[in-house]
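Visitor: the sequence isn't on hand, but the structure is:
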């Protein structure tokens, strides 16, 4: 193993990059014996919503519905007892998540575990003290501030085996584990945040969602078994990024640079709850096959306010419907079907209706490249916004009507309705937010 | 084989990201010379003209010579956020990077 460098103070891995991510990579990481901590990043901007809806029905619920499915294979593996697990799969209710993990661990016969819930992100009760970027008119389902490392560090210092959080900055899930092992400098903290930001999207760092000129892309078998990233971190916050020995992966300057800058706005001021970090001087060196060294993140500032995500259910619904045309003249028939729908739905406001041809222009719209051959099949896609949820059925009915009263051969209709949920950003003074930790201990 | 004009994607890779209604696009050059060409070609005006074909918003550009990367951030490009979009399927904006990678570079 290449990680025998005794200057490495901590080895941390990402075992999941979103709520629905694969479950087996984390098991492989646990069983490798090469990792101290596995972070499961399971909460996107909007994936809090199912938890918020569940908690509204039952105040004792609200954590990620996948906790048991995700943790069972990890906890069943004896090797996992040597790994700390940190996850934001507490979603809208970390305490409920911790209680479920306690039950699961008991059922699996795991003893002596310390489970910490890092809480304090729920700021809905402070909604009128939040500076909102947009309207929160409608039903404010929830408001959650992005917490930093505080609760996680407290849990780590008290030897937590599993740490469950709600809305916490993704990079803080990693940095919170690393901080107690670093040299205490602000730049080491910045380095830990850079490590967290690099690792947080799992396979996106190790060759997933990646193509570059002159670089042979990973094949389907490698992508199906993609190794998830690990970082071997030095006391000064610099790190080597790699995968468990033998795992298929592609890690190089390009994959790391893309991920370093992913969803960052000003790269010299990456804002996290703990620290604003300057990534502009980061250096990414290739030091071996799928092995890079990352250094040079610098601490810039500490934000006075924390970011808040507000989740607003606007009245009404969005309807998504599709109908297919195949065979000779499919494109012409699909275009005429789209025109029929424009006439039939002409009473809707222009900005509330969108009709596309899937396979031609449904993703990049008017900027799609021109087609110069006859496609074997085309789908017509309608999306429409309705102020009244009851009216949303209308779009589906109009599409179905095409099977009798539209161009020939309309088929393959698919339809769904979804709420008009919007995420509204806000900012709150950090003094108003009180992170804390609750414990569940399994004897 | 038919010659095609050089495209951004012939000398760079890229990725789209988003936070609420803000879109961000990262382009990373395959080498130092290619970075210099991209930095000259991908001006704010050119990128904005290309993106405004399908989305509103004003482009901010950040040049990162040490990383051979350019970063473009477009505020208000995704009104209401990803989930409120009327595109055919969620997360269409993950393809927005191809608007840049498919751009013809002047010779």
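Guide: Okay, I see it. These figures come from a predicted structure and were not determined experimentally.
Visitor: please count neighbours and contacts with C-alpha atoms only from this point.
Guide: Fine.
Visitor: how about residue 23, what does it touch?
Guide: Since you didn't name a chain, this refers to chain A. A:15-16, A:70 (Cα atoms under 8 Å, 6 or more residues apart in numbering or on different chains).
Visitor: that's the other chain; I wanted chain B
Guide: B:16-17, B:73-78, B:93.
Visitor: among those, which are in reach of chain A?
Guide: B:16-17, B:73, B:93 (Cα under 8 Å from any Cα of the partner chain).
Visitor: of all these, which comes closest to chain A?
Guide: Of all these, residue B:17 has the smallest distance to chain A: 4.9 Å, by Cα to the nearest Cα.
Visitor: surely that closest one meets residue A:261?
Guide: No - with contacts defined as Cα atoms under 8 Å, residue B:17 does not count as touching residue A:261, sitting 9.2 Å away.
Visitor: between the two, who's got more neighbours?
Guide: Per other Cα atoms under 10 Å in any protein chain shown, whichever of residue B:17 and residue A:261 has more neighbours is residue A:261, with 27 against 22.
Visitor: quick one, what contacts that one?
Guide: Residue A:261 touches A:267, B:26, B:71, counting by Cα under 8 Å, 6+ apart.
Visitor: residue A:182 now?
Guide: Applying Cα under 8 Å, 6+ apart, the residues near residue A:182 are A:9, A:188-189, A:234-237.
Visitor: how about residue A:49?
Guide: Counting by Cα under 8 Å, 6+ apart, residue A:49 has contacts A:92, A:141, A:311.
Visitor: for residue A:104, same thing?
Guide: Listed by Cα under 8 Å, 6+ apart, the contact set of residue A:104 reads A:68, A:72.
Visitor: could you list the buried residues of the host helix or strand of it?
Guide: Under the criterion of DSSP states H and E, residue A:104 resides in helix A:94-107. For helix A:94-107, a neighbour-count test (16 or more other Cα atoms under 10 Å in any protein chain shown) marks A:94-102, A:104-105 as buried.
Visitor: then stretch A:182-194?
Guide: Going by 16+ other Cα under 10 Å, stretch A:182-194 has these buried residues: A:182, A:186-194.
Visitor: that older thread, can you list which of the ones next to chain A among the contacts of residue B:23 are found in strands?
Guide: Among the ones next to chain A among the contacts of residue B:23, the members falling in strands (DSSP state E) are B:16-17, B:73.
Visitor: using CSV, lay out these together with distance to residue A:298 and pLDDT.
Guide: Below are those laid out as CSV (distance: Cα to Cα, whole Å; pLDDT from 0 to 100):
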residue, distance to residue A:298, pLDDT
B:16, 25, 96
B:17, 23, 94
B:73, 22, 97
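Visitor: show me what the longest helix along chain B is packed against.
Guide: The residue-count maximum for a helix in chain B (DSSP state H) belongs to helix B:32-41. If you count contacts as 3 or more Cα pairs under 8 Å, 6 or more residues apart in numbering or on different chains; DSSP states H and E, helix B:32-41 packs onto strand B:22-29.
Visitor: ok, the strand it packs on: who's next to it in the sheet?
Guide: The pairing partners recorded for strand B:22-29 under DSSP bridges are strand B:12-19 (antiparallel), strand B:69-74 (antiparallel).
Visitor: how long is stretch A:105-125 from one end to the other?
Guide: Counting by Cα to Cα, to the nearest Å, you get 33 Å between the two ends of stretch A:105-125.
Visitor: now stretch A:51-67
Guide: One end of stretch A:51-67 to the other measures 12 Å (Cα to Cα).
Visitor: what lies in contact with it?
Guide: A:19, A:50, A:89-94, A:96-97, A:101, A:141-142.
Visitor: what's the farthest-apart pair in those?
Guide: A:101 and A:141 (25.5 Å; Cα to Cα).
Visitor: neighbours of the nearest residue to residue B:101 once chain neighbours are set aside, just the number please.
Guide: Distance criterion Cα to Cα, 6 or more residues apart in numbering or on different chains; nearest residue to residue B:101, sequence neighbours excluded, is residue B:9 at 4.2 Å. The number of residues packed near residue B:9 is 24, by other Cα under 10 Å.
Visitor: returning to that earlier point: make JSON lines from the buried residues of helix A:94-107 and add pLDDT to it.
Guide: Formatted as JSON lines, the buried residues of helix A:94-107 follow (pLDDT from 0 to 100):
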{"residue": "A:94", "pLDDT": "97"}
{"residue": "A:95", "pLDDT": "97"}
{"residue": "A:96", "pLDDT": "97"}
{"residue": "A:97", "pLDDT": "97"}
{"residue": "A:98", "pLDDT": "97"}
{"residue": "A:99", "pLDDT": "96"}
{"residue": "A:100", "pLDDT": "96"}
{"residue": "A:101", "pLDDT": "96"}
{"residue": "A:102", "pLDDT": "95"}
{"residue": "A:104", "pLDDT": "96"}
{"residue": "A:105", "pLDDT": "95"}
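Visitor: which pair of the buried residues of stretch A:182-194 spans the longest distance?
Guide: Farthest pair in the buried residues of stretch A:182-194, by Cα to Cα: A:182 and A:194, 13.7 Å.
Visitor: now, which of the contacts of residue A:23 lie close to chain B?
Guide: Okay, of those, nothing touches chain B (Cα under 8 Å from any Cα).
Visitor: ok, the closest residue to residue A:302 other than its chain neighbours - contacts?
Guide: Nearest-residue entry for residue A:302: residue A:275, 4.5 Å, with adjacent residues in sequence omitted and distances by Cα to Cα, 6+ apart. Contact partners of residue A:275, counting by Cα under 8 Å, 6+ apart, are A:190, A:299-303.
Visitor: give me the pLDDT for residue A:275.
Guide: For residue A:275, the pLDDT comes out at 98.
Visitor: can you show me the helices along chain A?
Guide: A:24-32, A:48-57, A:67-76, A:94-107, A:150-157, A:170-178, A:186-199, A:220-224, A:253-261, A:330-344, A:393-405.
Visitor: how about a markdown table for these, with distance to residue A:38 added?
Guide: Shown next, in a markdown table, are the helices of chain A (distance: least, Cα to Cα, whole Å):
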| stretch | distance to residue A:38 |
| --- | --- |
| helix A:24-32 | 7 |
| helix A:48-57 | 21 |
| helix A:67-76 | 10 |
| helix A:94-107 | 16 |
| helix A:150-157 | 13 |
| helix A:170-178 | 9 |
| helix A:186-199 | 11 |
| helix A:220-224 | 20 |
| helix A:253-261 | 19 |
| helix A:330-344 | 49 |
| helix A:393-405 | 45 |
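Visitor: what's the least confident helix or strand in chain A by mean pLDDT in contact with?
Guide: Taking mean pLDDT, DSSP states H and E as the measure, the helix or strand of chain A with the lowest value is strand A:436-441, at a mean of 90. Residues outside strand A:436-441 that contact it (Cα under 8 Å, 6+ apart): A:95, A:98-99, A:102, A:112-120, A:150-151, A:154-155.
Visitor: gap between that strand and the chain center?
Guide: Using Cα atoms, centre = their mean, to the nearest Å, the mean C-alpha position of strand A:436-441 is found 25 Å from that of the whole chain.
Visitor: look at residue 77 and report its pLDDT.
Guide: Defaulting to chain A. 92.
Visitor: let's do chain B instead
Guide: 88.
Visitor: wait, residue A:416 touches residue A:322, no?
Guide: No - the criterion here is Cα under 8 Å, and residue A:416 misses it with residue A:322 at 9.4 Å.
Visitor: check residue 69 and give its pLDDT.
Guide: With no chain named, the answer covers chain A. pLDDT, residue A:69: 97.
Visitor: the chain in question should be chain B.
Guide: Taking residue B:69 on its own, its pLDDT is 98.
Visitor: run a quick neighbour tally on it.
Guide: Applying other Cα under 10 Å, we find 28 residues neighbouring residue B:69.
Visitor: same thing with the one 5 residues further on?
Guide: Neighbour count of residue B:74, defined by other Cα under 10 Å: 22.
Visitor: tell me the pLDDT of it.
Guide: 95.
Visitor: so in terms of bridging, what pairs with it?
Guide: Going by DSSP bridges, residue B:74 forms beta bridges with residue B:23, residue B:59.
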